[in-house]
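1. Quick one: sequence plus predicted model below, questions after.
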Amino acid sequence: MSNNDPIIEIEGLYTRFGSHVIHENISLSVYRGEILALVGGSGSGKTTLLRQMLGLETPAQGSVKILGHSRYDCGLELSRSLRNRSGVLFQQGALFSALNVYDNIALPLRELHCLPEEMIRDLVMLKLGMVEVAAEHANKMPAELSGGMIKRVALARALALDPELLFLDEPTAGLDPALSESFVKLIQTLRQELTLTIIMVTHDLDTLAAISTRVAVLADQRLVASGKLADIIKIDHPFIKDFFLGERGRNALRNALTLP
Amino acid sequence: MLSSNRSDDTSPWYQMIVEENVPCIKLTGSYTLAALDQELRKVSTRLTRFAAQSDLHWDLTGIQQMDHAGAILIWRAWGMHRPAYLSIRPEQERLFAHLEKVHPAPKPVRRDILWPILTLGRRYFLFWDHLIGIITLSGQVLLNVFYLIKHPNQIPLREISANLFRTGAQALSITALVGFLIGIVLSYLSSEQLHTYGADVFIVNILGMSIIRELGPMLAAILVAGRSGSSMTAQLGVMRVTEELDALTVMGIPHSLRLVLPKIIGLGIAMPLVVLWTSAIAMLGGILAADLQIGLNYQYSLSSLPDAVPVANLWIGMGKGVVCGMVIALIACHFGLRIKPNTESLGEGTTNSVVTSITAVIFIDAIFAIIFSNVGLKIAG
Ligand SMILES: Nc1ncnc2c1ncn2[C@@H]1O[C@H](COP(=O)(O)OP(=O)(O)OP(=O)(O)O)[C@@H](O)[C@H]1O
Ligand SMILES: [Mg+2]
């Protein structure tokens, strides 16, 4: 199933906000069927990179290609079908505050204009069940949800169209350990059923160790490493050492890998 | 052994075959949302028709990919239960196991049959609610004023001056433009009429009285209500949406002191000045137009203005400015603080705020007209 054409191809990307340089010469490819974990310190530009892959921001220099087409001038038809085949979970959830939970998840389904309402209802309730939000919360407004619930509803909305490409910005931040665990299970089941490519920003080492197939590390404005977790932790770089091999990192990784 | 006997027995989505005398439907292709797309309803009705045959054997192992939408489509075709004869792959089995456990959607809240009466009643109570809210807010602001008199070092001068700049200085261009045009229009319309009676000089009286006493203050107030009132409401509303108001509360900074009071004082000071400015520019427009239209010398007009318009009118106009300014800010803040943390409420609150403050401005004008009905109207000499 894995295909050697990259789904996303970033080349020589530079980002600046005013005189503040965020990215310097970043090149990164994402292949079909992999789960790429993007790690880096707070403020290192992970969210910004994700937004550039989504076409929400334009880099100062360099190119972002998606399925071989430039992100910025792909045709209307392609960009529409791309958007229908990808799901995004924003760091702050970005739920529509004027719609309740049910309608938030139903919105992308209704936008397809081909699904009958009963099917939409079943799909919405299925997705809600998958992210373990009880049915009685379906009529609540986003302002009435807890932080973790916002995350889960936003995840359900990102999954609404059964996307092949998922962008997740800190999917487990704000979830309790049991819910993080069930998030991992959910991604694993989804991957058995569908070919799923995931680009995930995370600080949660347990989740990272459990599901990522490749890790990319952003530090000092550059992509300092990318590869399998087991290889990454062998690299001698101060950020990688702090991030993975600190006290907490060791504990988290001990279960997933056999550390020296 | 394969046989096809009906026209709709084969399609990209399924094949009908008879294996050892058992009728069998073999689903093929990708049952995913992206692949089904516009075919979805058609496939759904076909499958539902097949599901009516109870002895049909369903074979799902030929499906390349199936996502949740595809699974639900088949599940609904079956009538929400598994058919008697079914071959299925283990990962599909898990999908259907999920579906069996799906909760029914909670019923949306139904409308009461008495809703017209209830809506009307709610409107009525809402009116009182707003009135009481505004009175409470002004009470709080008054208490803040007493507090600040005792603790003058805590007066939020920065906020007041920022508001003064935003609502006053930045409103000068738009009020000047509108005032100037209204002055010209008024002058054009009335000077022609007066000219036919040879009463040209009275144009100064008409312009002076109407602009300085009525039009100047009203124009300025309505423009400011639309311009600054809406921005105040939206600002407070966004602060509610982003929880900034809550952050202020936990820091022990009262909203009324830091947010409402500076706006009321700022607009209370800026408004009479804007009124003065608008009236002056409108007069200028009127006098220039009269000069051009009927040749009434502008120097004569200017010099006769003090005799034509008693100075009390200027004070009434500016007094209206003070009151309107403070009321506009109060109403804007009241609606802003009541906004709920969602975008729809934000839009609704801003609209309500502007509509209410413009209505209030006109009410205030009427009240002034009644109270000062015998002040400044008699022309001396
Ligand atoms: N619109 C913007 N204008 C100016 N600077 C910005 C903008 N967006 C982001 N930045 C800056 O870019 C840097 C990277 O931001 P980004 O949100 O990508 O960080 P991050 O890696 O996602 O951090 P975190 O892990 O805390 O979410 C930060 O220093 C931020 O201040
Ligand atoms: Mg971020």
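-> Great, that's in hand. Ligands and ions are numbered 1, 2, ... in the order given.
2. and B:I253, how many residues sit next to it?
-> A count of neighbours around B:I253, defined by other Cβ atoms under 10 Å in any protein chain shown, yields 12. To be clear about C-beta, it is placed using only N, CA and C from the backbone, and glycine gets the same treatment.
3. tell me the SS of the closest residue to ligand 2 within the stretch 51-200 of chain A?
-> Ligand 2 sits closest to A:Q91 of the stretch 51-200 of chain A, with a gap of 4.8 Å, by Cβ to the ion. Recorded secondary structure, A:Q91: coil (DSSP: H, G, I helix; E, B strand; the rest coil).
4. Verify the stated contact: it with A:F167.
-> No: in this structure, A:Q91 is not within contact of A:F167 by Cβ atoms under 8 Å, at 10.8 Å.
5. how about the residue of the stretch 51-200 of chain A closest to ligand 2, phi and psi?
-> Main-chain dihedrals, A:Q91, degrees, to the nearest 10: phi -60, psi -40.
6. circling back: looking at A:Q91 and A:F167, which one has more neighbours?
-> Comparing A:Q91 with A:F167 by other Cβ under 10 Å, the one with more neighbours is A:F167, at 22 against 16.
7. ok, longest helix in chain A?
-> The single longest helix within chain A, with elements called by DSSP state H, is helix A:177-193.
8. So which bits of that one are buried?
-> Neighbour counts over helix A:177-193 (16 or more other Cβ atoms under 10 Å in any protein chain shown) mark A:L179, A:S180, A:S182, A:F183, A:V184, A:L186, A:I187, A:L190, A:R191, A:E193 as buried.
9. And stretch B:146-166, by the same measure?
-> By neighbour count, with 16+ other Cβ under 10 Å as the criterion, the buried positions of stretch B:146-166 are B:L148, B:I155, B:P156, B:E159, B:I160, B:N163, B:L164, B:R166.
10. Go through these and name the one nearest A:L229.
-> B:E159 (52.0 Å; Cβ to Cβ).
11. Quick one: name the residues of chain B near ligand 1.
-> By Cβ under 6 Å from any ligand atom, no residue of chain B approaches ligand 1.
12. thought B:T249 was touching B:H255?
-> Yes: with contact defined as Cβ under 8 Å, B:T249 and B:H255 form a contacting pair (7.3 Å).
13. Read off the pLDDT value for the residue of chain B found nearest ligand 1.
-> The nearest approach of chain B to ligand 1 comes at B:T242, 15.9 Å away (Cβ to the nearest ligand atom). pLDDT, B:T242: 85.
14. just wondering, since we're on it, how far is it from chain A?
-> 10 Å (Cβ to the nearest Cβ, to the nearest Å).
15. where along the stretch 151-260 of chain A do the helices fall?
-> Applying DSSP state H, counting those that start in this stretch to the stretch 151-260 of chain A gives helices spanning A:177-193, A:205-211, A:229-232, A:238-245, A:247-256.
16. Please name the bridge partners of A:I198.
-> Taking DSSP bridges, one obtains A:I35, A:L166 as the residues bridged to A:I198.
17. Can you name the residues of the stretch 1-150 of chain A sitting close to chain B?
-> A:81, A:84-85, A:96-98, A:102, A:112, A:114-116, A:118-119, A:121-130, A:134-136, A:138-139, A:141-143 (Cβ under 8 Å from any Cβ of the partner chain).
18. ok, of these, which come out buried?
-> A:84-85, A:97-98, A:102, A:112, A:114-115, A:119, A:121-130, A:135, A:138-139, A:141-142.
19. Up against chain A, what does the stretch 151-300 of chain B have?
-> Going by Cβ under 8 Å from any Cβ, the residues of the stretch 151-300 of chain B near chain A are B:V241.
20. what helices or strands is the longest helix of chain A leaning on?
-> Applying 3 or more Cβ pairs under 8 Å, 6 or more residues apart in numbering or on different chains; DSSP states H and E, one finds that helix A:177-193 contacts helix A:147-158, helix A:205-211, helix B:90-100.
21. and these, which is most packed in?
-> Highest mean neighbour count of the helices and strands packed on helix A:177-193: helix A:147-158, a mean of 23 (counted as mean count of other Cβ atoms under 10 Å in any protein chain shown).
22. on that earlier part again, for the residue of the stretch 51-200 of chain A closest to ligand 2, which non-adjacent residue is spatially closest?
-> Using Cβ to Cβ, 6 or more residues apart in numbering or on different chains and skipping residues adjacent in sequence, the residue nearest A:Q91 is A:D169, 4.1 Å away.
23. and the residue of chain A found nearest ligand 2, how many residues sit next to it?
-> Chain A approaches ligand 2 most closely through A:T47 (3.1 Å), counting by Cβ to the ion. For A:T47, the neighbour count with other Cβ under 10 Å is 18.
24. could I have the host helix or strand of it exported to CSV, CA atoms only?
-> Per DSSP states H and E, A:T47 falls inside helix A:46-53. Presented in CSV, the C-alpha positions along helix A:46-53 are these (Å, rounded to 0.1, in the frame of the first residue of the first chain):
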residue,chain,number,x,y,z
LYS,A,46,5.4,23.7,14.6
THR,A,47,2.0,25.2,14.4
THR,A,48,3.3,27.6,11.8
LEU,A,49,4.7,24.8,9.7
LEU,A,50,1.4,22.9,9.9
ARG,A,51,-0.5,26.0,8.8
GLN,A,52,1.8,26.3,5.8
MET,A,53,1.1,22.7,4.8
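25. and for that helix, what are the contacting residues?
-> Helix A:46-53 has contacts (Cβ atoms under 8 Å, 6 or more residues apart in numbering or on different chains) with A:8, A:10, A:13, A:15, A:22-23, A:26, A:38-40, A:57-59, A:64, A:66, A:71, A:91, A:167, A:169, A:199, A:201, A:218.
26. Tell me the spacing between the residue of chain A closest to ligand 2 and A:I26.
-> Using Cβ to Cβ, to the nearest Å, A:T47 is found at 14 Å from A:I26.
27. Quick check: which element contains B:M80?
-> Using DSSP H and E, no helix or strand contains B:M80.
28. make that B:Q64, sorry
-> Using DSSP H and E, B:Q64 maps to strand B:63-66.
29. Please name every helix or strand in contact with that strand.
-> Contacts defined by 3+ Cβ pairs under 8 Å, 6+ apart place strand B:63-66 against strand B:29-31, helix B:90-100.
30. what does the stretch 151-260 of chain A put close to chain B?
-> Going by Cβ under 8 Å from any Cβ, the residues of the stretch 151-260 of chain A near chain B are A:L161, A:D162, A:E164, A:T189, A:Q192, A:E193, A:L194, A:T195.
31. Farthest-apart pair in those, please.
-> Greatest spacing in these, by Cβ to Cβ: A:L161 and A:Q192 (18.6 Å).
32. Quickly check: stretch B:103-118 near chain A or not.
-> Yes: counting by Cβ under 8 Å from any Cβ, chain A is contacted by stretch B:103-118 at B:H103, B:P104, B:A105, B:P106, B:P108, B:V109.
33. count of neighbours near the last one?
-> Which is B:V109. Counted by other Cβ under 10 Å, the residues lying close to B:V109 total 7.
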